[in-house]
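[1] 3D, please:
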Amino acid sequence: MRNNIPIFILCGGLGTRIKEETEFRPKPMVPIGENPILLHIMNSYAKYGFKKFVLCTGFKSEVIKDYFLKYSELNSDFSIDFRTNTKNILSIDHNLDWEVTLAYTGAETMTGGRISIATEKYLNGAEHFGVTYGDGLCDADLNEHFNYHLSHNKIGTVLGVNPPSRFGEIKLDQDRVVEFSEKPEFNEKWINGGFFFFKKDFLEYLSKDKECVLEKKPLINLAKDGQLNIYKHKGFWACMDTQRDRDYLTGLLERNEAPWI
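    Numbers count the residues shown, from 1 in each chain. Down below sits the predicted model:
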């Protein structure tokens, strides 16, 4: 069943907050270790059986297309007969058994518009589908997330995470410091972790208008209608917004401490 659930990954943004990395490539192709963050995200789904991906591309889509077109060749032995210009794959030296669809959704289309455009073409009758961004990593059990979505019979389920603080917190009694906390986590507050499951009914909330932003009217209206649930995740979560974020994720990987692996 999981193999039939398409996962739509938003890969079309400009990545302006990490400009030093995205001048020549889209943010999902920024490497964490040897592989782009996009491949890490896809592996996070694949280990739970979700292996059908639709990449909603836009900015520098040719970089993503080129990567996947060449992936098998670069990770396999092959021969070329230059007399006939034919190619023969001799061995497949990778373990990917995914179906990956590259869907161009416009250079300037916003998140909701991208999903609407791509699902119209490639949902292919699926009753449920997943959505995520091309810059977030977590160690959530996405199979449990999907089971939770199914069991609660709502149109949408968002992965909720505790927001990490970039700054220390000082608690005071008048002018006296009673507690000093270095970058605390706010355990009773929840933010959008960027991993969703939806029923196909959610398409009624979307528009192919390039100004349609997933996080605005579609999700706001879904919540107002009582059709959006939260799956709470208290484990690892990180979003690669800046070079500092990328360095942090790369460091975890290099130290063999990457929770999402």
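
[2] For the rest of this, base every contact and every neighbour count on C-alpha atoms.
    Noted.

[3] So for the top strand by length along the chain, what gets flagged as buried?
    For the chain, the strand reaching the highest residue count under DSSP state E is reported as strand 191-199. Within strand 191-199, the residues scored as buried using 16 or more other CA atoms under 10 Å are G193, G194, F195, F196, F197, F198, K199.

[4] With stretch 134-145 instead?
    For stretch 134-145, using 16+ other CA under 10 Å, the buried residues are G134, D135, G136, L137, C138, D139, A140, L142, H145.

[5] Now, those that are in strands?
    G136, L137, C138.

[6] Not counting the helix or strand where A223 lies itself, show me its contacts.
    Per DSSP states H and E, A223 falls inside helix 217-224. The contact list for helix 217-224 (CA atoms under 8 Å, 6 or more residues apart in numbering) reads G112, I155, G156, Y205, L206, L228.

[7] And it, how far out from the chain middle?
    20 Å (CA atoms, centre = their mean, to the nearest Å).

[8] State the next helix or strand along the chain beyond it.
    Next element after helix 217-224 (DSSP H and E): strand 228-233.

[9] how big is the angle separating that next one from helix 217-224?
    If you take axes from the mean of the first three to the mean of the last three CA atoms, to 10 degrees, strand 228-233 sits at 90 degrees to helix 217-224.

[10] Tell me the buried residues in the helix holding A223?
    P218, L219, L222.

[11] could I get those residues as a markdown table with pLDDT?
    Supplementary listing: these in a markdown table, determined by pLDDT from 0 to 100:
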| residue | pLDDT |
| --- | --- |
| P218 | 96 |
| L219 | 96 |
| L222 | 96 |
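
[12] what about stretch 223-240, how long is it end to end?
    27 Å (CA to CA, to the nearest Å).

[13] Also stretch 117-130?
    First residue to last in stretch 117-130 (CA to CA) measures 15 Å.

[14] What mean pLDDT does it get?
    Stretch 117-130 shows a mean pLDDT of 97.

[15] how deep is T86 tucked in, by neighbour count?
    Counted by other CA atoms under 10 Å, the residues lying close to T86 total 9.

[16] If we ignore the residues flanking it in sequence, what's nearest it?
    I80 (5.7 Å; CA to CA, 6 or more residues apart in numbering).

[17] Tell me how far the one you found lies from H94.
    For I80 relative to H94 (CA to CA), the value is 20 Å.

[18] Also L137?
    Distance from L137 to H94, by CA to CA: 22 Å.

[19] all strands of the stretch 51-200 of the chain, in order?
    Using DSSP state E, counting those that start in this stretch, the strands of the stretch 51-200 of the chain run over 52-57, 76-81, 86-92, 99-104, 128-133, 136-138, 156-161, 169-173, 176-181, 191-199.

[20] the longest helix in the chain is where?
    In the chain, with assignment by DSSP state H, the single longest helix is helix 61-74.
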